[in-house]
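A.B. asks: Pasted the sequence and its predicted model underneath.
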Amino acid sequence: MPIQIIWGNDTKSCENKIEKIIKSNISEQWESFNLSKLDGNDENQVFKALEEVQNAPLGDGSRIILLKNNPIFNTKNDKFATKFESSSQNIPDSTFLILFGINKPDARIKTTKFLKKLLKSKKAFETSYNLPDVWDYESQVRYVEEISRNLNINLDKNAAQAIIESIGTESTNLDNELRKALLFLSTKNKNLLTVEDIQSIFFEQQTNIFKIIDSLIEKEISQSLKDINNLINKGEPPLRLIAGLTSQIRIHTIVLLLKDENDLSKISQLAGIANPKRIFFIRKKIKNCDPKYLINLMIKLLDIELFLKRGSNPINVFTENLASLT
């Protein structure tokens, strides 16, 4: 009764995992009969998946039911809970249920509590793939190093940092560009990717979220828009970018508003800063900044997020909203 729970915002890695399960268990000759792909955004398809998973495969190989946008562990729905619990007890040994979603299962949901029992008894397996936060530079470096290892690419000193500055960490784009690097190494009969190689292979123009934050704080709006456009054109998801910008500007705004507060632990708690020592660096950066400017900037970023979620063109949205700050 293999139930596979796969979640995370690294959709490329999630899709690779799903594809690996399908290829390892589905017979090509019987794929059209034994592979069902359903969408969890449609409640009827959720119940259809939980019905179909109780059926044994036809012919050779296994049967796989894939439910994308899985709502079962993140939506409070008693019907889902009841159906999932009953169906999970009747899954044939050669049938797989793959539940894929972006968000981590909500521990408060009844179905998630039941899932924990399945995981403990090894009747279900959980795998997660998350991209590192755009402001967590160390995690980005480790992520790039891991992806490179998976492709059998050896990185020289500072090569991971150069990759991040050149192409970012969006999983699909990173995978494509590193495969170019692998081809480059093979043509050069080399096994070590250096910073010089990266400058030859990738875009030489370097930009990242930290430069954008600095430009916004210093009111260098044209430069910030240029760097934002570069990141988006390199494949950085606009919603993930705006989340990072909003989070960092919020932290800087709180620290500025509490400039007379001496209790660093209190500031850390309010601003969500893990390391209180970081407050000293932020205060130095924003000492000449106008609180009204940062508050207005926060409002603009929240407006941008709203427009992005409505499907507006990312480049236009950033430009139209941030240009008015000048």
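C.D. replies: Thanks, I have it.

A.B. asks: pLDDT wise, what is the residue with the largest distance to the centre of the chain at?
C.D. replies: Going by C-alpha atoms, centre = their mean, the residue of the chain most distant from its centre is residue 59, 37.9 Å out. We have a pLDDT of 88 for residue 59.

A.B. asks: Against residue 247, how distant is residue 90?
C.D. replies: Look at residue 90 and residue 247: by C-beta to C-beta, to the nearest Å, they are 44 Å apart. Glycine gets a C-beta too; all of them are placed from N, C-alpha and C.

A.B. asks: Of those two, which one has the most company?
C.D. replies: Between residue 90 and residue 247, counted using other C-beta atoms under 10 Å, the more crowded position is residue 247 (16 against 12).

A.B. asks: quick one on the thing from earlier: thought residue 30 was touching the residue farthest from the centre of the chain, still the case?
C.D. replies: Yes. With contacts counted by C-beta atoms under 8 Å, residue 59 reaches residue 30, the gap being 4.1 Å.

A.B. asks: Secondary structure element holding the residue farthest from the centre of the chain?
C.D. replies: Assigned by DSSP states H and E, residue 59 belongs to neither a helix nor a strand.

A.B. asks: and if you look at residue 51?
C.D. replies: If you go by DSSP H and E, residue 51 is part of helix 43-52.

A.B. asks: Convert the helix or strand just after that helix to PDB, retaining C-alpha atoms only.
C.D. replies: Per DSSP H and E, the first helix or strand lying C-terminal to helix 43-52 is strand 63-68. What follows is strand 63-68, C-alpha atoms only, in PDB (Å, rounded to 0.1, in the frame of the first residue of the first chain):
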ATOM      1  CA  ARG A  63      -1.000   1.200 -11.100                       C
ATOM      2  CA  ILE A  64      -0.400   4.900 -10.100                       C
ATOM      3  CA  ILE A  65      -2.900   7.500  -9.200                       C
ATOM      4  CA  LEU A  66      -1.300  11.000  -9.200                       C
ATOM      5  CA  LEU A  67      -3.200  13.800  -7.500                       C
ATOM      6  CA  LYS A  68      -1.500  17.200  -8.200                       C
END
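
A.B. asks: measure the residue nearest the centre of the chain to residue 102 for me?
C.D. replies: Among the residues of the chain, the one closest to the centroid is residue 9, at 3.2 Å (C-alpha atoms, centre = their mean). Distance, residue 9 to residue 102, by C-beta to C-beta: 5 Å.
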